[in-house]
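Asker: predicted model, plus sequence, below.
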Amino acid sequence: MKRVVILGAGTGGAMVANRLARHLSTEIAAKEVQINMISDTESHIYQPGLLYVALGLAEPDSLFRKHERLLLPGVNLIHDPAVKIDMDSRSIKLNSGKSMEFDYLVLATGSHPDFDDIPGFREAAHTFYTYEEAMRTRRDLEEFKQGKLLMIIGVPHKCPVAPLEFMFMYDKLLRQRQERDNIELVYTYPLGRLHSLEPVAEWSEGAFETAGIAGETFFNPEEIDPKNKVVSTLEGDEVSYDFLAAIPPHKGAAVIRASGLGDPDGWLPTNKYTLQLEGHEGAYVVGDAAALPISKAGSTAHYESEVVVRNIVREIHGEKPMPLYDGKVYCFIEGGLQEATHITFDYNNPPKPSEPTEMVHWFKMAFNRMYWLSVRGLV
């Protein structure tokens with residue numbers, strides 16, 4: 001029997017598991033193939049929805065589904081966090097002390113916010129990258145009625161357009177409540193423009209001007225003083241705030257760092273076309289965990305999952321992997337409460353944002369509902 005182990009039950013992991021179960025249903029029924037998924041959580045969360053929860057635009061219970069509800073028959077779910085991966089013995093040590101062996105491995109271990117990388121961040125910052133933080137931001141934003149909201153951004157982070165969306169959506173919420181004149185909005189970015197993708201930065205600059213949002217560049221937070229409400233930067237500036245909205249820097253999973261498979265921050269060296277883990281046959285990387293020159297976003301995992309599944313199926317059937325992934329990413333960008341734009345790009349073609357429209361916003365809302373079908377590999 002050929003054993004496939006998928007480490008991680010997020011977007012990429014779930015899509016790979018369900019697509020493999022569908023493509024290999026005959027082999028699974030004949031007990032020629034076994035698919036095991038290892039998860040350290042009980043439920044799957046739709047992470048992009050946390051932004052809407054933080055702004056009071058979605059209810060928290062709409063973001064969660066039990067893993068068992070999302071996985072197709074043929075996928076064995078193991079609730080036991082992985083502690084260490086041994087590529088030599090092709091086994092994974094679990095928190096319970098058990099080991100799980102594999103012939104093929106999919107690393108879908110994701111990216112994880114580091115609230116302690118910037119001193120003072122944990123105490124001072126409001127973010128929306130975990131459920132708990134989104135709920136705290138939601139509560140405190142309701143009480144914030146006057147002063148300066150400062151957005152700071154740590155790098156790298158997943159969902160690169162999320163801080164822009166937060167600013168545009170919050171601006172429109174304030175205007176809807178007739179409170180915009182009482183609150184100053186200031187957005188900062190670590191590079192010399194407002195976003196890492198130049199076309200997105202150029203579009204954002206004009207949109208910020210229209211909305212009256214101040215944008216500052218070359219702003220790398222070094223330390224936060226929660227008592228005096230001041231952010232100190234690597235550039236030597238000190239900037240005050242009344243409400244600190246923030247994007248935490250991210251790292252790869254602890255199990256990757258403990259296993260010595262990636263770089264010091266836990267990002268995995270990945271073949272950009274086949275998505276194989278560099279230097280290890282039969283091992284693949286999907287989603288945020290990969291050290292690739294593309295955005296860490298849900299659509300990235302979606303497109304990558306199709307490639308990983310096809311290559312694992314090819315290997316099981318005695319064929320070689322094919323270089324099928326072209327770096328494709330697709331992202332919606334909310335431009336307010338009733339309008340949005342979208343971008344698509346790959347390794348060779350940069351994005352070209354268009355003017356936000358109400359129609360694209362409703363496409364985004366429809367996708368939020370369709371996400372659960374997408375995770376099951378149905379769309």
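Answerer: Yep, it's here. Numbering: from 1, shown residues only.

Asker: is it correct that residue 306 is in contact with residue 19?
Answerer: Yes: shown here, residue 306 and residue 19 form a contact pair, counting by CB atoms under 8 Å, at 7.1 Å. In this view, the C-beta of every residue, glycine as well, is placed from N, C-alpha and C.

Asker: ok, these two, which is more surrounded?
Answerer: Just comparing residue 306 and residue 19: by other CB atoms under 10 Å the higher neighbour count belongs to residue 19, 21 against 17.

Asker: packing partners for the helix or strand hosting that one?
Answerer: Using DSSP states H and E, residue 19 maps to helix 11-23. Secondary-structure packing of helix 11-23 (3 or more CB pairs under 8 Å, 6 or more residues apart in numbering; DSSP states H and E): strand 2-7, strand 33-39, helix 67-70, strand 75-79, helix 298-316, helix 358-375.

Asker: show residues contacting it.
Answerer: Residues external to helix 11-23 that are found in contact with it (CB atoms under 8 Å, 6 or more residues apart in numbering): 4, 6-7, 9, 28, 35, 37, 39, 44, 47, 67, 70-75, 106, 108, 110, 286-288, 298, 301-302, 304-306, 308-309, 312-313, 374-377.

Asker: residue contacts, residue 292?
Answerer: Contacts for residue 292 (CB under 8 Å, 6+ apart) come out as 270, 272, 327.

Asker: just residue 42 next, same as before
Answerer: Residues in contact with residue 42, defined by CB under 8 Å, 6+ apart, are 66, 67, 79.

Asker: make TSV out of these and add pLDDT.
Answerer: Output for the contacts of residue 42, formatted as TSV (pLDDT from 0 to 100):
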residue	pLDDT
66	95
67	95
79	96
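
Asker: and the residue nearest to residue 94 when sequence neighbours are not counted, what does it touch?
Answerer: Computed as CB to CB, 6 or more residues apart in numbering, the closest residue to residue 94 that is not its neighbour in sequence is residue 80, at 4.3 Å. For residue 80, the contacting residues are 38, 40, 94, 95, 96, 98, by CB under 8 Å, 6+ apart.

Asker: was I right about the second one contacting residue 77?
Answerer: No: using CB under 8 Å, residue 40 and residue 77 do not qualify as a contacting pair, with a distance of 11.7 Å.

Asker: give me the number of residues near residue 92?
Answerer: Count around residue 92 with other CB under 10 Å applied: 25.

Asker: first to last residue in stretch 44-55, what's the distance?
Answerer: When the termini of stretch 44-55 are compared using CA to CA, to the nearest Å, they are 21 Å apart.

Asker: which stretches of the chain have low pLDDT?
Answerer: Applying pLDDT under 70 to the chain picks out residues 379.

Asker: tell me how far the residue of it most remote from its centre lies from residue 315.
Answerer: For the chain, the residue at maximal distance from the C-alpha centroid (CA atoms, centre = their mean) is residue 30, at 36.2 Å. Distance of residue 30 to residue 315, given as CB to CB, to the nearest Å: 18 Å.

Asker: the most centrally placed residue in the chain: what's it in contact with?
Answerer: Closest to where the C-alpha atoms of the chain average out (CA atoms, centre = their mean) is residue 158, at 4.0 Å. Shown in contact with residue 158 (CB under 8 Å, 6+ apart): 47, 110, 111, 129, 250, 288, 296, 297.

Asker: hmm, the fourth one is touching residue 249, no?
Answerer: No: with the criterion set as CB under 8 Å, residue 129 and residue 249 do not qualify as a contacting pair; they are 10.5 Å apart.

Asker: what sits in contact with each of these two?
Answerer: Residues touching both residue 129 and residue 249 (CB under 8 Å, 6+ apart) are 113, 157.

Asker: name the residues of stretch 325-333 that are buried.
Answerer: Residues of stretch 325-333 classed as buried by neighbour count (16 or more other CB atoms under 10 Å): 325, 327, 328, 329, 330, 331, 332, 333.

Asker: helices of the stretch 1-150 of the chain, residue ranges please.
Answerer: Under the criterion DSSP state H, counting those that start in this stretch, helices of the stretch 1-150 of the chain are mapped to 11-23, 25-29, 49-54, 67-70, 121-124, 131-143.

Asker: for the ones you listed, which one sits closest to residue 279?
Answerer: helix 11-23 (20.6 Å; CB to CB).

Asker: could you check the angle helix 358-375 makes with the closest one?
Answerer: Interaxial angle, helix 11-23 versus helix 358-375 (axes from the mean of the first three to the mean of the last three CA atoms, to 10 degrees): 60 degrees.

Asker: list the buried residues of helix 11-23.
Answerer: For helix 11-23, by 16+ other CB under 10 Å, it's 11, 12, 13, 14, 15, 16, 17, 18, 19, 20, 21, 23.

Asker: cool, and stretch 122-131?
Answerer: 124, 125, 126, 127, 128, 129, 130, 131.

Asker: between which two of those residues is the distance greatest?
Answerer: 124 and 131, at 19.6 Å, using CB to CB across those.

Asker: tell me how many other residues surround residue 45.
Answerer: Per other CB under 10 Å, the neighbour tally for residue 45 reads 16.

Asker: hang on, it packs against residue 63?
Answerer: Yes: shown here, residue 45 and residue 63 form a contact pair, counting by CB under 8 Å, at 5.4 Å.

Asker: what is in contact with the two at once?
Answerer: What both residue 45 and residue 63 touch, as defined by CB under 8 Å, 6+ apart, is the set residue 131.

Asker: one step back: list just the nearest of the contacts of residue 292 to residue 175.
Answerer: Within the contacts of residue 292, the smallest distance to residue 175 is 37.3 Å, found for residue 327 (CB to CB).

Asker: so what's that closest one up against?
Answerer: Residues near residue 327 by CB under 8 Å, 6+ apart: 272, 292, 293, 294, 345, 346, 347, 348.

Asker: going by neighbour count, which of those comes out on top?
Answerer: Counting by other CB under 10 Å, top hit in the contacts of residue 327: residue 292 with 21 neighbours.
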